[in-house]
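Engineer: give me a 3D structure for the following:
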Amino acid sequence: MHIRQWKTIYDILILSTFFILFIACVYHDIKRSIIPVIPICIMVLTALAYRITKTDTVMTIASSLIIASVLFIIKVLSGKREGIGNGDICLIAAINIMFGYEIIIDCLFISCIMVLFFWFLSKIYKSAVFSKKMIPYSPFLLLGLIFSLILEVL
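Structural biologist: Numbering: from 1, shown residues only. A predicted model of the protein is given here:
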């Protein structure tokens, strides 16, 4: 979904609802290290409600299911508690449904680079900011989404 196509009040309302729920998930992830299910379900339903009106609905939903399935299989096979969580996988699926696979690929790449940079800084500077054992991924996912949308407009 090209961001330039978001022109009507309906589009802006859907987009703002999506981002408000995304920010709520990020806040909850930072504070409690868990992403609540209800905002993610509302995000997915919002994205699906928007996508039903568009022409590439089947392709977008199929690619979203494939990406989420691959991430979930990787999570199960790794067997560790540390790593990407189920909430992060659901957020990635919601982003993919809302914006399409072109944006999610850029978003994942940018967010992974930012997490690696943050992790590297946490190893160099052992301060109270970096004292958490697990780094929440959703803030980096949100920043990656914002940067990838900005890059698409440019």
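
Engineer: got a list of contacts for the helix or strand bottoming out on mean pLDDT in the chain?
Structural biologist: Lowest mean confidence among the helices and strands of the chain (mean pLDDT, DSSP states H and E): helix 57-78, at a mean of 74. With contacts defined as CB atoms under 8 Å, 6 or more residues apart in numbering, helix 57-78 is touched by 48, 51, 54, 83-86, 89-90, 92-93, 96-97, 100-101, 104. The way it works is simple: take the backbone N, C-alpha and C, and place the C-beta from them, glycine included.

Engineer: repeat that with 7 Å
Structural biologist: Outside of helix 57-78, the residues within contact range by CB atoms under 7 Å, 6 or more residues apart in numbering are 51, 83-84, 89, 92-93, 96-97, 100-101, 104.

Engineer: what angle sits between the helix or strand just after that helix and helix 57-78?
Structural biologist: The C-terminal neighbour of helix 57-78 among helices and strands, as given by DSSP states H and E, is helix 86-99. For helix 86-99 against helix 57-78, the angle by axes from the mean of the first three to the mean of the last three CA atoms, to 10 degrees is 160 degrees.

Engineer: for helix 86-99, packing partners?
Structural biologist: helix 9-32, helix 37-51, helix 57-78, helix 101-124, helix 138-153 (3 or more CB pairs under 7 Å, 6 or more residues apart in numbering; DSSP states H and E).

Engineer: show me where the protein dips below the pLDDT cut-off.
Structural biologist: 1-6, 55-57, 78-82, 127-133 (pLDDT under 70).

Engineer: any idea how many residues pack against C107?
Structural biologist: Neighbour count of C107, defined by other CB atoms under 10 Å: 25.

Engineer: surely it and I92 touch.
Structural biologist: No: at 8.1 Å, C107 does not count as touching I92 under the criterion of CB atoms under 7 Å.
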